[in-house]
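Peer 1: coords please:
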Amino acid sequence: MTDAVEQLRQNLIRARAFVREGVFYALRPKEREFLFVRSGDLLEKLESVSQSSLLIGMIGGTGVGKSSLMNALAGSPIASTSHRRPHTDAVLIYRFRDTSLPSNFPLDRIPWKEVTHDEDSISQILICDLPDFDSIVGEHRDQVLTFLGYLDIVIWVTSPEKYADASFFTLLKDVPMARRNFYFVVNKVDLLFDEGKEGSGYERLHSISMSLRHYLRDAGVEEPVMYHVSALEFIENADHAPWNQLLSLRAELFRQRELKEVRVIKAANIDKETDDLFGLFEKEMLNLAMFKEQIGRIAEDFKREMEKWGQSFHEAITLWSESTPLRMKLISMTTDRDVLVGPSALMFHFGRGGAPPGTGEPGEVGTILSDLDDVVSLVRNQTERIAINVEGRLLREGIIAPLVERLRSEFDHHSMEQVEETIITSGMASFSEGNRHRYALYRGAQYAVYLLIACLLVFSLAGEAAWRDLYNNPGMATALNFIATAVVSAFTPRGLAALGSFALINVFIGYRFHSRYVKIVEKRANRLLRSFANGLEMIWKEQLEHLYGRLTTLGGELNENIDEIRRLKQ
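Peer 2: Next up is the predicted model:
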């Protein structure tokens, strides 16, 4: 019986873990949810067969007498002050020497220490002494709450001094258990009767009881089961005081133990129910085998067609780059009016009809986004065409719709929504590199040429005698004479001819600078456009490689799933 139960338990544990963490292709979400819920139900049912110990948790604040209460319930000193916790957040588990701990106990989630005893009267009762609630915080608090969920009964212990502790009720609200499994014990009630006035003691006990019942209702316990006890008085005196309800509490716990034994007897036919459950896993495995074979053939065809798809995309991108209005926008965007000076700047201004040129600033980048819609749509349409082709093949082969949807999600996962951002980023990075430095040199070259031409004009107007005199006798007087001679000569026939030549030379040089700048801008725009196109082709290549990689690895994933399902019932 034990071996069969353990085998069933392992099968159900593996099945439940696979349902929670595994990847399903054929089973629909409702079927998967059914598997998870049903396997959990069978596992719980199996656990009730394999062990029938009553699991009691005892929790309370510091100094409420939990150890003495455990000794009183057991009828012998099973707990003592020597049973110190290794940590303040550890659980002390008291069990009979021949009773094993439940296999489903979450002992890996919380610090704990085991204490064995020889008291046969509670051989099938495990008592878990939980950390004082006023000493658990943060992660330890969550661990204690999780542990409480595995217990059959929780005894909340308080005392006349601590029954109104707010942290007691805060913790109570968070416990994931049915409130009907809670027992509330006010220990150390003998303190209320120490003065010898029995009537006064009963009045104070009644007042504490009513206040505690009110606090418990506020905490969500509508009909609390309460016991007023004194563990110390019960242990020390053979004749127990009438207000001490410890015998009633003990009888209630043993009654709960007997009820659990009855529930165990009712458990039956678990093996047959488990076989029915695994029928759904068999269905998944058959579909996976068929799907794996078809995926292998599709991956081979996909590999052969990748080169053709790449060439087709290259041709489409080339056509787009030659016809797109984006080129003119890039020319405008990379044009800077401050680059040209003098006559070349005038030619640039009149050549554009006064239209404002671009500045090349990042704010202008947004103006080209709309022009990328066509090419982004092209990439998306190509991906969609491939996805539809693959889907059609699967459906023609008779693969069920959920499997086809699973593969389609692989195509949709590598979204093309990032294409536009990627291309803009790479293109603008290329545009910004070295741009200002190059234009600064170009502007400096213009200043140098125009200055040289102006100097030649002045020397020509002043004549050879004047500049030789300036050269041989440098000084203020000769400099002023040089300038005056040039000014006077400008109004002579020879000077007017020189000025006309100067104007023609400036026009010619300005035209050359202007033409050269236009070519620089066009080359830069073309280079930026090629950067966009190359980036798009790279994205497309990565998209194809991603899809092919997913097709090939998907076959391996399917095979792993098949092997995992086979191992579920080994």
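Peer 1: Helix or strand next in line after the helix-or-strand element of the chain with minimal mean pLDDT, which one?
Peer 2: When the helices and strands of the chain are compared on mean pLDDT, DSSP states H and E, helix 419-432 comes out lowest with a mean of 56. Moving toward the C-terminus from helix 419-432, the next helix or strand (DSSP states H and E) is helix 435-462.
Peer 1: which residues sit against the helix or strand just after that next one?
Peer 2: Later in the chain than helix 435-462, the nearest helix or strand by DSSP H and E is helix 464-472. The contact list for helix 464-472, computed with CB atoms under 8 Å, 6 or more residues apart in numbering, reads Phe459, Thr478, Ala479, Asn481, Phe482, Thr485, Ala486. (Each C-beta comes from the backbone N, C-alpha and C, glycine too.)
Peer 1: Mind pulling the model confidence for the third one?
Peer 2: You'll see Ala479 listed with a pLDDT of 83.
Peer 1: Just give me the neighbour total for it.
Peer 2: 12 (other CB atoms under 10 Å).
Peer 1: Over to it: give its phi and psi.
Peer 2: The phi/psi pair for Ala479 (degrees, to the nearest 10) reads phi -70, psi -40.
Peer 1: Give me the spatial nearest neighbour of it, chain neighbours excluded.
Peer 2: Once flanking residues are discounted, Ala479 sits nearest to Leu470: 6.3 Å by CB to CB, 6 or more residues apart in numbering.
Peer 1: Next, count neighbours for that neighbour.
Peer 2: 20.
Peer 1: Distance check, it against Leu461.
Peer 2: Distance of Leu470 to Leu461, computed by CB to CB, to the nearest Å: 13 Å.
Peer 1: Assumed Leu24 was part of a helix.
Peer 2: Just so we're on the same page, residue 24 is Phe rather than Leu. No. Looking at Phe24 with DSSP: H, G, I helix; E, B strand; the rest coil, it is coil, so not inside a helix.
Peer 1: Which helix or strand contains the residue nearest to it when sequence neighbours are not counted?
Peer 2: Nearest in space to Phe24, with sequence neighbours left out and distances taken as CB to CB, 6+ apart, is Arg32 at 5.6 Å. Arg32 is part of helix 29-50 when elements are defined by DSSP H and E.
Peer 1: ditto for Val115
Peer 2: Here Val115 sits within strand 112-117, counting by DSSP H and E.
Peer 1: Mind giving me the packing neighbours of that strand?
Peer 2: Strand 112-117 sits against strand 91-96, with contacts defined as 3 or more CB pairs under 8 Å, 6 or more residues apart in numbering; DSSP states H and E.
Peer 1: Ser53 touches Thr99, doesn't it?
Peer 2: Yes. Using CB atoms under 8 Å, Ser53 is in contact with Thr99, at 5.9 Å.
Peer 1: Please say which of these two ends up with more neighbours.
Peer 2: More neighbours surround Ser53 than the other of Ser53 and Thr99, with 19 against 15 (other CB under 10 Å).
Peer 1: show me the contacts for that one.
Peer 2: Per CB under 8 Å, 6+ apart, neighbours of Ser53: Arg95, Thr99, Pro102, Gln124, Ile125, Leu126.
Peer 1: so which of the residues you listed comes closest to Leu42?
Peer 2: Pro102 (16.6 Å; CB to CB).
Peer 1: domains of the chain?
Peer 2: What the record gives for the chain is the domain set 51-267, 278-567, from automatic domain parsing.
Peer 1: Quickly, which of those domains bottoms out on average pLDDT?
Peer 2: domain 278-567 has the lowest average pLDDT among those, namely a mean of 75.
Peer 1: Show the end-to-end separation of it, please.
Peer 2: By CA to CA, to the nearest Å, the extent of domain 278-567 from end to end equals 12 Å.
Peer 1: Centre of the chain to it, how far?
Peer 2: How far domain 278-567 lies from its chain's middle: 35 Å, per CA atoms, centre = their mean, to the nearest Å.
Peer 1: Asp120 against Phe96, yeah?
Peer 2: Yes. Between Asp120 and Phe96 a contact is recorded at 7.1 Å, counting by CB under 8 Å.
Peer 1: Could you pull out the strands in the chain for me?
Peer 2: 54-60, 91-96, 112-117, 125-129, 153-158, 182-186, 225-228 (DSSP state E).
Peer 1: The fourth one - contacts with which helices or strands?
Peer 2: Contact analysis of strand 125-129 by 3+ CB pairs under 8 Å, 6+ apart lists strand 54-60, helix 66-74, strand 91-96 as its packing neighbours.
Peer 1: strands paired with the first one, and their directions?
Peer 2: The strands beside strand 54-60 in its sheet (DSSP bridges) come out as strand 125-129 (parallel), strand 153-158 (parallel).
Peer 1: same deal with the last one?
Peer 2: Take DSSP bridges as the rule and strand 91-96 pairs in its sheet with strand 112-117 (parallel), strand 125-129 (antiparallel).
Peer 1: check contacts around Ala533.
Peer 2: Ala533 neighbours (CB under 8 Å, 6+ apart): Ile317, Thr318, Trp320, Ser321.
Peer 1: Identify each buried residue in stretch 475-494, please.
Peer 2: Buried residues in stretch 475-494, defined by neighbour count with 16 or more other CB atoms under 10 Å: Thr478, Asn481, Phe482, Thr485, Ala486, Ser489, Ala490.
Peer 1: likewise stretch 210-219?
Peer 2: Neighbour-count burial for stretch 210-219 [16+ other CB under 10 Å]: Leu212, Tyr215, Leu216, Ala219.
Peer 1: Any chance of JSON lines for the residues you listed, columns distance to Val521?
Peer 2: Below are those laid out as JSON lines (distance: CB to CB, whole Å):
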{"residue": "Leu212", "distance to Val521": "87"}
{"residue": "Tyr215", "distance to Val521": "82"}
{"residue": "Leu216", "distance to Val521": "83"}
{"residue": "Ala219", "distance to Val521": "77"}
